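> A predicted structure for the sequence below; I have some questions about it.
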Amino acid sequence: MGDGELGRYALALSEIEIQRYRFMAHAAREGEAHWWQLAGITDGANVLDLGCGPGLVALEMARVVGASGRVVGVDREADAVATARALLDEAGLSHTEVHCAEAWNTGLEAGSFDVVCLRHVLAHNTTDEVTRILEHVRELLRPGGCCYIAESDLTANRIDPPIADITDLTERYIAYLRSVGRNPAAGPEMGSTLLRAGFELAGRHAEYVMPPPGRGVRPPSWAAREAMVAAGIASADDVERWDRALTDDLPNAVSLFVVNHLVIGRAPEP
Ligand SMILES: C[S@@+](CC[C@H](N)C(=O)[O-])C[C@H]1O[C@@H](n2cnc3c(N)ncnc32)[C@H](O)[C@@H]1O
């Protein structure tokens, strides 16, 4: 993964990673039920999951909108698209489709969606790309439709008991993201970002969530290790140290805390 390739994860996911995505998607459906309802992710809705990854959130939303609705997933990574298609087919959700495209140029029909979701996608794009993506989202939404953003703030991550090597990995990742023009603290800025893009704010919420540490599962910061070494932000010794901490210490850590920011923007009606 080179500079500018952030967000282009290796999505050849192991079963344990899929389980973790599934757990997080289920937790989102349960914990965000009020916000999904407010945004219009309800029976019969047409929903676009932009940057859908392996499609587990799309799967939960497809169950919520039911067969009279439709859920479309889009991701630029072919292996994410293939995984999402396979998981949605396996679940028998025939009112879903998945396409491979850039989030700013999906080729989908203008004005055809009630809701467009962007979950943990915008932080992997530059400021200019975020502007282009939100312009496109406005085109895709019907008037009065909603853009639903879930985004984190890596600078607020906490772990208890503290593990110095994991904190170091997170801090280097934050430095790396900044060096390639990404915003690791995007979550709290999403309201003003939506307002600048011409949306009206319809809802806003933030809370800490506690993802399960999960034996064998590694964070996105680990996926960026080679890029961090290439950028001179880490050495091979650092990578070995992080590897040991992720193998020996993280699975035994009791609590991880990650901030989840939810922001809902409504496309203006004429
Ligand atoms: C952290 S994953 C989140 C996946 C999913 N939204 C979820 O919450 O489970 C981010 C996904 O967004 C995709 N992505 C990031 N920027 C994108 C863009 N500009 N166009 C299309 N997909 C993008 C990545 O390929 C990746 O699959």
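Received the coordinates, thanks.
> wait, what's in contact with the residue nearest in space to the middle of the chain?
Centroid check for the chain by Cα atoms, centre = their mean gives His120 as the closest residue, at 2.2 Å. Counting by Cβ atoms under 8 Å, 6 or more residues apart in numbering, His120 makes contact with Gly51, Ala150, Glu151, Ser152. Any C-beta I mention is one placed from the backbone N, CA and C, and that applies to glycine too.
> and His136, by the same measure?
Ala103, Trp104, Asn105, Thr106.
> so where's the stretch 101-250 of the chain uncertain?
213-216 (pLDDT under 70).
> re earlier: among the contacts of His136, who's most crowded?
Ranked by neighbour count (other Cβ atoms under 10 Å), those have Ala103 at the top, with 25 neighbours.
> the residue nearest to the centre of the chain and Ala164, how far apart?
For His120, the distance to Ala164 (Cβ to Cβ, to the nearest Å) stands at 26 Å.
> which stretches of this protein form helices?
Counting by DSSP state H, the chain has helices at residues 15-31, 33-39, 56-65, 78-90, 127-140, 164-179, 190-196, 220-223, 225-230, 236-244.
> please work out which of those is packed deepest.
Burial of the helices of the chain is given as mean neighbour count (mean count of other Cβ atoms under 10 Å); helix 56-65 ranks first at a mean of 24.
> where does the stretch 1-150 of the chain come near the ligand, residue by residue?
Proximity of the stretch 1-150 of the chain to the ligand, by Cβ under 6 Å from any ligand atom, involves residues 7-9, 21, 51-53, 56-57, 75-77, 80, 102-103, 119-121, 124-125, 129.
> one more pass at 8 Å, please.
The stretch 1-150 of the chain comes close to the ligand at residues 7-9, 11, 21, 24-25, 28, 49-57, 74-77, 80, 101-104, 117-122, 124-125, 129, 133, 150, as judged by Cβ under 8 Å from any ligand atom.
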